[in-house]
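Undergrad: whatever this is, show me its structure:
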Amino acid sequence: MGAFRNEPGSHRVKPAPKMPKGWLAWPPLVAGRLVQRYKRFLADVALDDGRTVTAHCPNSGSMAACCQPGQPVWLSSHDDPRRKLKFTWELIRMPGSLVGVNTLVPNRLASRAITAGCIPALAGYGPPRPEVKVDAHTRLDLMLSDGKRPDCYIEIKNCTLVEGGVALFPDARTARGRKHLETLARIKADGGRAVMLFIVQRSDADLFAPADAIDPDYGRSLRQAAAAGVEILAYDTAIDLAGIALRRPLPCRL
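TA: Modelled structure (predicted):
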C-alpha cells in the first residue's frame, strides 16, 4: 500500500499511484480524535478543524480493542439530506495498526478481491453474487458459481480484536454468527461448498482463532462446522489512509 497520506490535520486522501490488486479505496476522509463511542452506533469525534461532531459507528460489536478515547480517527462525510448523521466512522489508529471499524467494508473488499483473483481458494468462478437467500430466514454474504462444480456459499465476518498477535472473533457473543455456521454446515451436507471467511481489518495479527473466552459457544460451533467440511479462511489486510487490500492468509488455530 502507499504511504500514509492523511495524518491528523489533513482532510482529503489521494490514492497512491500504484495499489495492490483488489484494493478498495476509502472515500475522502476527515481527521480527528475519538471522544467517546456510545449506544453502539454513535461516536463523538473532535475534528482537527475544531468542531466536535457525532458520527455513525457502523459496527455492532464491542470494539473492545479499537474504541479508546483520544486515539486518532478518520471519518467519511455524506451530503445525503436523508441521513440523520453526516459522518461515518471508518478508521482508528491503535498502537499496533490502523484498524478499519466499518463492518460493511469486508464484504465489498472480499467481492473485489475474489474478482481480482486474490484468494486462490476461491478462484475460477464467475462474478460474486451478494446477499444470497438460502432459506426463509437466512442470507449469506456471497455465492460463487461456474456451472461446472457445486455453488460456493461464503459468509464473511469482520475481525478487529487482536491480542498478542492473535486475531480473535467474535468480540461479543453472537447467536447470529452461530446460525450462519449451522447454515454453512447444512449446505456442505447437501453437497454444496461452504466457506467461512474472516477478514481482519488491521495488520498486526499472525494467526486467527475463535474468541473462546468471549463466546465459547461460537468457538464450539466453528470447530463443529470445520469438522463437517466447512472451509475456514482468514486474511489480514494491508491498510493505510488511501485504502485497504487483502494482504496474506492467516493460519487458523481451531
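
Undergrad: run the chain-centre distance for stretch 167-180.
TA: 13 Å (Cα atoms, centre = their mean, to the nearest Å).

Undergrad: give me the distance between the two termini of that stretch.
TA: End-to-end span of stretch 167-180 (Cα to Cα, to the nearest Å): 20 Å.

Undergrad: cool, and stretch 121-133?
TA: Note: stretch 121-133 ends 23 Å apart using Cα to Cα.

Undergrad: which strand or helix spans residue 222?
TA: helix 216-227 (DSSP states H and E).

Undergrad: got the domain ranges for this protein?
TA: Following automatic domain parsing, the chain resolves into domains at 24-100, 105-249.

Undergrad: which elements pack onto the helix holding residue 222?
TA: helix 175-189, strand 193-200, strand 207-210, strand 231-239 (3 or more Cβ pairs under 8 Å, 6 or more residues apart in numbering; DSSP states H and E). Glycine gets a C-beta too; all of them are placed from N, C-alpha and C.

Undergrad: who wins for proximity to residue 120 among these?
TA: strand 231-239 (10.2 Å; Cβ to Cβ).

Undergrad: so the helix or strand of the chain with the lowest mean pLDDT versus helix 175-189, what angle?
TA: Least confident element among the helices and strands of the chain, by mean pLDDT, DSSP states H and E: strand 129-135 (a mean of 93). Relative orientation of strand 129-135 versus helix 175-189 (axes from the mean of the first three to the mean of the last three Cα atoms, to 10 degrees): 80 degrees.

Undergrad: other residues contacting strand 129-135?
TA: By Cβ atoms under 8 Å, 6 or more residues apart in numbering, the residues outside strand 129-135 that reach it are 107, 111, 139, 140, 141, 142, 143, 144, 145, 153, 183, 187.

Undergrad: which of the three states applies to the second one?
TA: Assigned with DSSP: H, G, I helix; E, B strand; the rest coil, residue 111 falls in the helix class.

Undergrad: can you tell me how far it is from residue 246?
TA: Applying Cβ to Cβ, to the nearest Å, the value for residue 111 to residue 246 is 11 Å.

Undergrad: with the fifth one instead?
TA: Counting by Cβ to Cβ, the gap from residue 141 to residue 246 is 15 Å.
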